[in-house]
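> after the sequence you'll find the predicted model.
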Amino acid sequence: MAKKKRGILLDVDGTLWNAVDVITDSWNERLKEFPDVDRVITPDQMQKCLGKTMFEIADMLFPFLEVERRREVLDAAMRFEVEYMKSHPGRIYPQVAGTLRSLRDAGWHLYIVSNCQKGYIEDFLMALGVDGLIEDHLCFEDTLQDKGSNIRLCVERNGLDEAVYVGDTAGDLAASRKAGCGFIYAGYGFGDIDAGKEQVPQIESFSQLPGCLDELFTE
């Protein structure tokens with residue numbers, strides 16, 4: 001019997017790194033150039049946006065603007081953010097690089113799926129500084145589809161027999177269920193899930209991921 005191709009699909013914010021302060025700083029810098037946007041975004045406000053799609057973030061942060069204008073402002077802020085983060089990266093969580101290497105060496109295929117803009121995942125990978133660990137990645141701007149659809153697309157186009165998504169929010173759990181794959185909750189991240197509705201495997205540091213996977217998957 002052929003060995004199953006198994007993949008781990010990863011969220012970024014709250015799962016692989018914390019870039020809230022960096023994102024907030026970059027946005028506030030860019031927003032100074034928009035006289036009709038008289039506001040300063042706080043890290044707490046930005047954290048509540050992480051995990052949402054780009055359009056949802058525009059609606060949350062700029063409800064006082066017309067839809068077309070809020071998306072124009074959002075696009076400018078996100079383009080500036082991608083460039084800013086090349087020299088001001090987020091804080092990668094402890095042991096992420098080493099754990100990913102161990103998982104790859106153990107035969108896992110590694111992917112990233114996030115509700116971010118183009119260039120953001122690339123910024124993370126540049127900060128990680130390890131080539132060849134992540135085989136494929138998808139973001140919201142690649143497809144303009146929700147995360148569940150993008151998880152499913154990543155699974156399908158990489159020919160995975162089994163897959164699990166690792167994320168830190170209830171939205172990540174819902175997306176994995178929509179995609180028909182497993183889910184591991186990063187309890188150290190930004191979000192929360194309603195544990196009363198569904199019991200899911202949980203890790204309290206990224207380094208716990210291999211052990212969690214061993215419990216979930218058997219040959």
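The structure has been received and is ready for your questions. Numbering: from 1, shown residues only.
> which residue ranges make up each domain of this protein?
6-17+91-216, 20-84 (automatic domain parsing).
> can I get those in TSV including mean neighbour count?
Heads up, the C-betas are built off the backbone N, CA and C, glycines and all. Output for the domains of the chain, formatted as TSV (neighbours: other C-beta atoms under 10 Å):
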stretch	mean neighbour count
domain 6-17+91-216	18
domain 20-84	17
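> mind putting these into TSV with mean pLDDT?
Below are those laid out as TSV (pLDDT from 0 to 100):
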stretch	mean pLDDT
domain 6-17+91-216	95
domain 20-84	95
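> now residue 50. Nearest residue, chain neighbours left out?
Residue nearest to residue 50 in three dimensions, not counting chain neighbours: residue 13, with 4.3 Å by C-beta to C-beta, 6 or more residues apart in numbering.
> for this protein, which segments are assigned as helices?
Counting by DSSP state H, one finds helices in the chain at the ranges 20-31, 43-49, 54-61, 67-84, 96-105, 120-128, 140-143, 147-157, 170-179, 209-216.
> can you tell which of these is closest to residue 185?
Between residue 185 and these, the shortest gap by C-beta to C-beta is with helix 170-179, which sits at 7.0 Å.
> between the helices of the chain, which one is nearest to residue 200?
Ranking those by their distance to residue 200 (criterion: C-beta to C-beta) puts helix 170-179 first, at 6.5 Å.
> before we move on, back to that, CSV for the helices of the chain, including distance to residue 9?
Shown next, in CSV, are the helices of the chain (distance: least, C-beta to C-beta, whole Å):
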stretch, distance to residue 9
helix 20-31, 22
helix 43-49, 21
helix 54-61, 20
helix 67-84, 22
helix 96-105, 12
helix 120-128, 12
helix 140-143, 14
helix 147-157, 6
helix 170-179, 8
helix 209-216, 12
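> residue 187 is nearest to which of those?
helix 209-216 (11.0 Å).
> what angle do the closest one and helix 96-105 make?
40 degrees (axes from the mean of the first three to the mean of the last three C-alpha atoms, to 10 degrees).
> residues contacting helix 209-216, please?
Contacts to helix 209-216, defined as C-beta atoms under 8 Å, 6 or more residues apart in numbering, come from residues 8, 99, 102-103, 106, 108, 164, 166, 182, 184, 201-203.
> go on, stretch 129-141?
With contact meaning C-beta under 8 Å, 6+ apart, stretch 129-141 is reached by 53-54, 97, 100-101, 104, 109-118, 120-121, 125, 146-147, 150, 153-154, 157-158.
> if I look at the residue nearest to residue 125 when sequence neighbours are not counted, how far off is residue 16?
Distances taken as C-beta to C-beta, 6+ apart place residue 134 nearest to residue 125, at 6.2 Å, with adjacent residues excluded. Applying C-beta to C-beta, to the nearest Å, the value for residue 134 to residue 16 is 10 Å.
> mutual contacts of those two, please.
residue 112.
> ok so, going back, bridging residues for the residue nearest to residue 125?
Beta-bridge partners recorded for residue 134 (DSSP bridges): residue 110.
> residue 162 contacts residue 3, correct?
No. Contact criterion C-beta atoms under 8 Å: residue 162 and residue 3 do not qualify, at 10.9 Å.
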